[in-house]
Every structure is written in structure tokens, then in C-alpha cells.
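Visitor: let me see the structure of the following:
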Amino acid sequence: MNKWIHRETVQTNIRSWLPRAFLVTLLLAVLSAPVIWNAGRVELSEVNESYIVALMPIKTSDKFRKFENFYAIKLKEMIEKSATPSRNPFNILYQHLWYNTITDGYDLEFWLEPAENKFGDNYYILYLSGNTLFLREEYDGWSRVLDIPFTHSDIEAALEQLPAESVP
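Guide: Got it, this is the predicted structure:
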């Protein structure tokens, strides 16, 4: 009789524990999927001497600015050397949701694109929000959420004209 009671208790405990274990496993899978999707080496392989930087205006009073290839390579190196894929699943999901629904309100938006835009050339659209960089690769349609140690002002400083380039 004692074995019978013990067996029923174990079976009851397993039946009550199983749905919780399934939910925990499902939650872990859902939260780890964006992190795994976002993982990998950060590289802007297409960017070379023929690419330029196009800085989009933040306010309507601002003007569209383009920077020569030197700055495209400078930003490429800055991003590749210091950006890391985000490991925060909530931030990754939030950034993708924001980009795909609103695509507005970023601290900075800039493109790394070929100077002579030919159909089929890849280009990169980058949206900066605080220390998060949303990287969109076109025409591949690949998007990544990156954590970066630099800010909007650091990018602006990297895009400042060198003294030799200034017009007297």
C-alpha cells in the first residue's frame, strides 16, 4: 500500500511539473532565438574606396549631407572594431519592431553606399539610438542590432572635416 501511495504522488508531481517545464523551455527558446539570429561577426564587407557616407537630416530644417570615401572607410572600421551583436533579446525584438513599424525618432541615420549607385550594389543603412546601432544591409535584407561604445557625437566628430580639407 505504501508503494502505491508513493507512485501516485510521484506521478501527480510529474503531471503538475511538466506544463511548467514546457513553458520555461518554450520561453527560453523564444528569448534565445533573436540572440542566436543576431549573433555573428560584425563586418561591412562591401564598403571600400568607392563608398560614401550619406547623413540623413534629423529635423526638416537640417540638410542632407554626403561625405567622401575616406569617411565611409573610417566609419566602417569604427563599427567593425568596436560593435558587438546585442545579447539582449528584448532590445533586439524592440529594435526590429520599431524599425519595421515606425522608423523614426533615431538619434542619427546614415547610409554607407556606393558613390555611383548601380542596381545590385549592396549598401548599409544605419540607425543610431543611444548606444544601439540598427544595421540594415540592402539588398540582402539582413538586419542586426549592435551594441556600440560610441555615441552620436562620436560619429559627428569622425565626420568632421580634417584641417587640410577646410576651405580658407
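
Visitor: ramachandran angles for the most centrally placed residue in the chain?
Guide: Taking Cα atoms, centre = their mean, the centroid of the chain lies closest to Val145, which sits 1.8 Å from it. Val145 adopts backbone torsions of phi -110, psi 120, taken as degrees, to the nearest 10.

Visitor: list the residues that contact it.
Guide: Each residue near Val145 by Cβ atoms under 8 Å, 6 or more residues apart in numbering is listed here: 38, 85-86, 91-92, 95-96, 132-135. Any C-beta I mention is one placed from the backbone N, CA and C, and that applies to glycine too.

Visitor: got these as TSV, with pLDDT columns?
Guide: Below are the contacts of Val145 laid out as TSV (pLDDT from 0 to 100):
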residue	pLDDT
Asn38	95
Pro85	97
Ser86	97
Asn91	96
Ile92	96
Gln95	96
His96	94
Thr132	97
Leu133	97
Phe134	97
Leu135	97
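
Visitor: nearest to Asn122, of these?
Guide: Ranked by distance to Asn122 (Cβ to Cβ), the contacts of Val145 are led by Leu135 at 12.1 Å.

Visitor: how close does that closest one sit to Ala115?
Guide: With distances taken as Cβ to Cβ, to the nearest Å, Leu135 is found 20 Å from Ala115.

Visitor: the two - which one has more neighbours?
Guide: Neighbour comparison, Leu135 and Ala115: the larger count goes to Leu135, with 20 against 12 (by other Cβ atoms under 10 Å).

Visitor: any idea which element the more buried one lies in?
Guide: Per DSSP states H and E: Leu135 is located in strand 132-138.

Visitor: parallel or antiparallel, which strands does that strand pair with?
Guide: Partners of strand 132-138 in the sheet, by DSSP bridges, are strand 123-129 (antiparallel), strand 142-147 (antiparallel).

Visitor: hmm, who's touching the first one?
Guide: The contact list for strand 123-129, computed with Cβ under 8 Å, 6+ apart, reads 44, 46-47, 51, 79, 95, 99, 103, 105-114, 117, 133-138, 148, 151-152, 155.
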